[in-house]
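Colleague: what's the 3D shape of this:
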Amino acid sequence: MVAAATAGVISAQSIKTWKQQRQLDRDKANFQMKQQVYGAIAQDLVNTFPSGSASGELRRIRANAAVWASTETIQELSQWQAAKQRAIAGGRRLNGNTYELSSTSQDEMKTHLGRVIIAMRSDLFDEDSLSRDEIIKSIFDDSHKNHSEHEDQ
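Modeller: The predicted structure follows:
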């Protein structure tokens, strides 16, 4: 009798676990569908505006970031875009999308780039002790100090 009761409890727990797993699977599929649909809607909405020189891929990435990035990341991306626009406005176009930037403009853009990356890393990792300066040094060598290419303006 004890064995039958134990088997019944184990069976009930298995059914509960199975039902919970099915619900988790449905929730995951629902989230993935929303992610796909929301990303497509955001991209379509962004594409209704003139693109300047931004590529379709860049516009897709930006649309997805607007939907899926953390609040802090979006705020930092906005600040970086503003810094980039100021740098371009104060820079001298060399050719195409390449500008000669002042040291001050370049430093400001690097500061904002570091903040964007820190925001993204904070969203991805529970703990992250890298400083903005460490991130910037890992990306740039200063041999091309005052030139910057921009995909859009």
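Colleague: in what helix or strand does Q35 lie?
Modeller: Assessed by DSSP states H and E, Q35 sits inside helix 2-46.
Colleague: so after that helix, what's the next helix or strand?
Modeller: helix 56-68.
Colleague: Using PDB, write out the CA atom coordinates for that following helix.
Modeller: C-alpha atoms of helix 56-68 as PDB (Å, rounded to 0.1, in the frame of the first residue of the first chain):
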ATOM      1  CA  GLY A  56      19.300  48.300 -44.500                       C
ATOM      2  CA  GLU A  57      21.300  46.100 -42.100                       C
ATOM      3  CA  LEU A  58      22.100  49.000 -39.800                       C
ATOM      4  CA  ARG A  59      18.500  50.100 -39.800                       C
ATOM      5  CA  ARG A  60      17.400  46.500 -38.900                       C
ATOM      6  CA  ILE A  61      19.900  46.400 -36.100                       C
ATOM      7  CA  ARG A  62      18.800  49.700 -34.700                       C
ATOM      8  CA  ALA A  63      15.100  48.700 -34.900                       C
ATOM      9  CA  ASN A  64      15.800  45.500 -33.000                       C
ATOM     10  CA  ALA A  65      17.800  47.400 -30.400                       C
ATOM     11  CA  ALA A  66      15.000  49.800 -29.900                       C
ATOM     12  CA  VAL A  67      12.700  46.800 -29.100                       C
ATOM     13  CA  TRP A  68      15.000  44.500 -27.200                       C
END
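Colleague: Can you work out which other helices and strands pack against that helix?
Modeller: With contacts defined as 3 or more C-beta pairs under 8 Å, 6 or more residues apart in numbering; DSSP states H and E, helix 56-68 has these neighbours: helix 2-46, helix 71-90. Every C-beta, even on glycine, is put in place using the N, C-alpha and C of the backbone.
Colleague: Can you flag the weakest of the ones you listed by average pLDDT?
Modeller: For the helices and strands packed on helix 56-68, mean pLDDT drops lowest on helix 2-46, to a mean of 78.
Colleague: could the helices and strands packed on helix 56-68 go into CSV alongside distance to E134?
Modeller: Below are these laid out as CSV (distance: least, C-beta to C-beta, whole Å):
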stretch, distance to E134
helix 2-46, 32
helix 71-90, 17
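Colleague: could the ones you listed go into JSON lines alongside mean neighbour count and distance to G114?
Modeller: What follows is the helices and strands packed on helix 56-68, written out as JSON lines (neighbours: other C-beta atoms under 10 Å; distance: least, C-beta to C-beta, whole Å):
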{"stretch": "helix 2-46", "mean neighbour count": "11", "distance to G114": "26"}
{"stretch": "helix 71-90", "mean neighbour count": "16", "distance to G114": "9"}
